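Chemist: give me a 3D structure for the following:
(chains A, B, C and D)
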Protein chains: 2
Amino acid sequence: MIEMKVTIADVAKRAGVSKTTVSRILNGNYRHNTPETIENVLQAVKELEYRPNALAKGLKSMKTNVIGIVLSNFKNEFWFHVLEGVEDTCNAEGYNLMICNSDGDPTLEEQYIREFQMRQVDGIVINPTVQNQTLYQELVENKFPMVVINRKVPDLHANNVVVDNVKGGYLAVNHLIETGRSKIMALTYKNENISTWQERVQGYKEALKANGYNKESFCVLEIEHLKKAFKTIEQALDKDPQIDGIFSTNNMLTLELVDVLKKLNLHVPEDIGIVGYDDTIWAKHIHPPLTTIKQPAYDLGKESAKLLIEQIKSKDTNSVKNIIFQPELVIRESSSNTD
Amino acid sequence: MIEMKVTIADVAKRAGVSKTTVSRILNGNYRHNTPETIENVLQAVKELEYRPNALAKGLKSMKTNVIGIVLSNFKNEFWFHVLEGVEDTCNAEGYNLMICNSDGDPTLEEQYIREFQMRQVDGIVINPTVQNQTLYQELVENKFPMVVINRKVPDLHANNVVVDNVKGGYLAVNHLIETGRSKIMALTYKNENISTWQERVQGYKEALKANGYNKESFCVLEIEHLKKAFKTIEQALDKDPQIDGIFSTNNMLTLELVDVLKKLNLHVPEDIGIVGYDDTIWAKHIHPPLTTIKQPAYDLGKESAKLLIEQIKSKDTNSVKNIIFQPELVIRESSSNTD
DNA sequence: CTGAAAGCGCTAACAT
DNA sequence: ATGTTAGCGCTTTCAG
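Modeler: Sure, this is the predicted structure:
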């Protein structure tokens, strides 16, 4: 059993060599070393159960092999899949991961980014609140490795990994039309800054247009807060009984929607067809099984981390990549044809 | 805009004082300082946008204000709630969080714990694979701050934060009996090491006994892997048509169960009453709404982190706490009385 | 009230 | 092939 912290000096002494030699061998620079020396050092390391202090290493080398991820929401399962992808990549690439939750608060977001910087993380993956424009710009200017995921930040010359939300909205709504719906409502969050919702709604509009509808037929219900969702949806549906198709741009809203429909005794898919966003774990198990737009959340995380680490390693600090994943329509009963 | 990394020396020079003074003031030891000096230093810090290097700080002070969390599963929403609790506490207490996923693999678990140690985290929260007994013991002996969550490790003198699983199982099964079920099956994962499942099943047995059943009536279905769940459940139900109540000890298994029941055309709650574990986001939205055993996942995370930080701060390194949260029965349609 | 100097554990010139 | 030396940026005695 080890008592005190054992340092590289202890190993050096034990092996009868200098700290430099130990350091070199441990870092793979043993090209010029005697097999015996190597053996001795490795032996000493083992006997003493030596574990290098990553702080000291990082301080010296200005590289920590740690990346940070700034999430803005721990409520939606989508982010857990993303996180799993990021974590897997970190493991594969020899990085460790710091995590935090801005909870959508720009102040907290800035605080966390600063903390990550003070901890000398090599870079960050961030789902931005999109409300700290100056900060984001500063990071880019300082060439701080960064990958923005899921959302777009206007005019920001940074790596960006997203899913094609316009496409997602289009797929959903076009499918509703194809299955015989004529008055389709889009359900979305109200948030001026978040590209995600806007784009899905844009896809909704494009699908309607492509099918010969005009602007007067657009019907977008914006929810200010999840807690208000039930009531707002109920009122909207009461007001317009013609609605026979609903495209929900968010899976948490979908669950509320399902409850409202149940309460109003509206049957799915007979009275109303619905398409949700994100092929969640529960999507195919609710009643009726839910047609969804599936996003490759895991891959989103995986590729984001890969891209970040790529940027960290290559010192080509100016090139910026834009990765766009494609969503997918998963058809289930909730949108069955009722013609 | 700042060009180069600004260090404490730059601030000192700018303020016309020594590094020592800057350090003291920045760390709250300004009791002996002239208001002017303080003002000057703070001014310089602001002008230079100085951000202390946490690596250097940690190297010197042997304290990083970082804790690590070792999870064993990113698939179950339960862990996301736990994580949110941990993260909130970290934020409140001025800590940052490192995260990793052992994925149930003891080798990976050990690797991650070692990495966290090398990074000098002040302590860890861990949902253990329970297969690295020697390692856990070593950590305890070395007085490495640690909180074990959700599972129990036999003979380990460490902080432990769990939910009362026996109670959970008891509540579920007692409820099924009260609502008129007579042949009740428990659905669980097969895993010799994990206390969680064993305890829930024990609660199942105790409830049966308390209601006058004998051991012959115990019916426990062990699933080896989620992928085999559907088939295994289907076979069991085929074999024993008498079963009219099912207690599922895991929410992922519950979803499979629901599918099987649908396929076999068994109606819930008329033909079979079911009670699931974890009051997931979707529990009340599936068909029929699911009666569940609710666990305070968020609080579990929150209190675990608090306990860990408490241990880190107090140098009383021998006292160990055992926190047991109580589960709760949430009654919905899936277990409605059909007498 | 403030500063000089030593050193945390490691790496990387620059010797030899 | 290996060692010496000088820091990385910070905190902390110990002096003054």
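Chemist: skipping adjacent residues, who's closest to residue A:208 in space?
Modeler: The shortest distance from residue A:208 to any non-neighbouring residue, by CB to CB, 6 or more residues apart in numbering or on different chains, is to residue A:217 (6.0 Å). Quick note: C-beta positions are derived from backbone N, CA and C, even for glycine.
Chemist: what count of nearby residues applies to the one you found?
Modeler: Residue A:217 is flanked by 14 other residues according to other CB atoms under 10 Å in any protein chain shown.
Chemist: check it and give its pLDDT.
Modeler: Note on residue A:217: pLDDT of 93.
Chemist: residue A:314 too?
Modeler: Predicted confidence (pLDDT) for residue A:314: 87.
Chemist: quick check: phi and psi on it?
Modeler: Here is the backbone geometry of residue A:314 (degrees, to the nearest 10): phi -70, psi 130.
Chemist: look up how far DNA strand C lies from it.
Modeler: Per CB to the nearest atom of the strand, to the nearest Å, residue A:314 is found 17 Å from DNA strand C.
Chemist: burial check on the nearest residue to residue A:266 once chain neighbours are set aside, number of neighbours?
Modeler: Closest residue in space to residue A:266, ignoring its immediate chain neighbours: residue A:272 at 5.3 Å, by CB to CB, 6+ apart. The tally of other residues near residue A:272 (other CB under 10 Å) stands at 24.
Chemist: let me see the contact set for residue A:272.
Modeler: Going by CB atoms under 8 Å, 6 or more residues apart in numbering or on different chains, residue A:272 touches A:243, A:244, A:245, A:246, A:261, A:266.
Chemist: check residue A:85 too.
Modeler: Here residue A:85 is in contact with A:297, A:298, A:299, A:300, A:301, A:302, A:303, A:304, A:305 (CB under 8 Å, 6+ apart).
Chemist: give me the distance between the third one and residue A:88.
Modeler: From residue A:299 over to residue A:88 the distance is 10 Å, taken as CB to CB, to the nearest Å.
Chemist: same check, this time on residue A:272
Modeler: From residue A:272 to residue A:88 the distance is 39 Å (CB to CB).
Chemist: then residue A:147?
Modeler: Separation of residue A:147 from residue A:88 (CB to CB): 15 Å.
Chemist: how about residue A:235?
Modeler: 44 Å.
Chemist: next: residue A:140.
Modeler: Taken as CB to CB, the span from residue A:140 to residue A:88 is 27 Å.
Chemist: equivalent analysis for residue A:177, please.
Modeler: 38 Å.
Chemist: of the contacts of residue A:272, just say which sits nearest to DNA strand D.
Modeler: Closest approach between the contacts of residue A:272 and DNA strand D, by CB to the nearest atom of the strand: residue A:246, at 54.3 Å.
Chemist: name the SS class of the closest one, please.
Modeler: Of the three states, residue A:246 takes strand under DSSP: H, G, I helix; E, B strand; the rest coil.
Chemist: next: residue A:241.
Modeler: coil.
Chemist: and the pLDDT at it?
Modeler: So, for residue A:241, pLDDT stands at 93.
Chemist: residue A:2 too?
Modeler: Taking residue A:2 on its own, its pLDDT is 41.
Chemist: near chain B, which residues of the stretch 51-200 of chain A show up?
Modeler: Proximity of the stretch 51-200 of chain A to chain B, by CB under 8 Å from any CB of the partner chain, involves residues A:51-56, A:58-59, A:64, A:66, A:74-75, A:77, A:79-81, A:83-84, A:87-88, A:91, A:96-101, A:108, A:114-120, A:138, A:141-142.
Chemist: put the buried members of the residues you listed into a ChimeraX selection.
Modeler: Buried subset of these, written as a ChimeraX selection, criterion 16 or more other CB atoms under 10 Å in any protein chain shown:
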select /A:52,53,54,55,56,58,59,64,66,74,77,79,80,81,83,84,87,88,91,96,97,98,99,100,101,108,115,116,117,119,120
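Chemist: among the residues of the stretch 51-200 of chain A next to chain B, which are in reach of DNA strand C?
Modeler: A:52, A:53, A:56, A:59 (CB under 7 Å from any atom of the strand).
Chemist: which members of those residues occur in helices, if any?
Modeler: A:56, A:59 (DSSP state H).
Chemist: stretch A:283-301 vs chain B: in contact?
Modeler: Yes: using CB under 8 Å from any CB, we find that stretch A:283-301 touches chain B at A:285, A:286, A:287.
Chemist: mind putting those in TSV, neighbour count and pLDDT included?
Modeler: As requested, the residues of stretch A:283-301 next to chain B are exported to TSV (neighbours: other CB atoms under 10 Å in any protein chain shown; pLDDT from 0 to 100):
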residue	neighbour count	pLDDT
A:285	21	88
A:286	21	89
A:287	17	86
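Chemist: closest to residue A:184 out of these?
Modeler: residue A:286 (20.3 Å; CB to CB).
Chemist: wait, isn't the closest one in contact with residue B:286?
Modeler: Yes: contact criterion CB atoms under 8 Å: residue A:286 and residue B:286 qualify, at 5.3 Å.
Chemist: rebuild the contacts of residue A:272 as TSV, extending it with distance to DNA strand D and neighbour count.
Modeler: Listed next are the contacts of residue A:272 as TSV, based on distance: CB to the nearest atom of the strand, whole Å; neighbours: other CB atoms under 10 Å in any protein chain shown:
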residue	distance to DNA strand D	neighbour count
A:243	59	19
A:244	63	19
A:245	58	24
A:246	54	33
A:261	57	20
A:266	62	17
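Chemist: looking at these, spot the one nearest chain B.
Modeler: Taking CB to the nearest CB as the measure, chain B lies nearest residue A:261 of those, at 11.0 Å.
Chemist: helices along chain A, start to end?
Modeler: Under DSSP H, chain A gives helices at A:8-15, A:19-26, A:35-48, A:54-61, A:77-93, A:106-118, A:133-141, A:165-178, A:195-210, A:226-239, A:251-263, A:297-313.
Chemist: export stretch A:67-81 to CSV, keeping only CA atoms.
Modeler: Extracted in CSV, the C-alpha atoms of stretch A:67-81 (Å, rounded to 0.1, in the frame of the first residue of the first chain):
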residue,chain,number,x,y,z
ILE,A,67,-12.6,19.0,-23.1
GLY,A,68,-15.7,20.6,-21.8
ILE,A,69,-19.2,20.3,-22.8
VAL,A,70,-21.7,23.1,-22.1
LEU,A,71,-25.3,21.8,-22.3
SER,A,72,-28.3,24.0,-21.8
ASN,A,73,-30.8,21.4,-20.7
PHE,A,74,-30.7,18.2,-18.7
LYS,A,75,-34.4,17.5,-19.1
ASN,A,76,-34.6,16.2,-22.6
GLU,A,77,-33.4,12.7,-23.4
PHE,A,78,-32.0,14.0,-26.7
TRP,A,79,-29.0,15.4,-24.8
PHE,A,80,-28.2,12.2,-23.0
HIS,A,81,-27.7,10.5,-26.3
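Chemist: state the mean pLDDT of that stretch.
Modeler: On average, stretch A:67-81 scores 95.
Chemist: and for stretch A:173-192?
Modeler: 94.
Chemist: and it, which residues are buried?
Modeler: A:173-177, A:179, A:181, A:184-189, A:191.
Chemist: got the end-to-end distance for that stretch?
Modeler: Taking CA to CA, to the nearest Å, stretch A:173-192 runs 22 Å from one end to the other.
Chemist: this completes my enquiry, with thanks.
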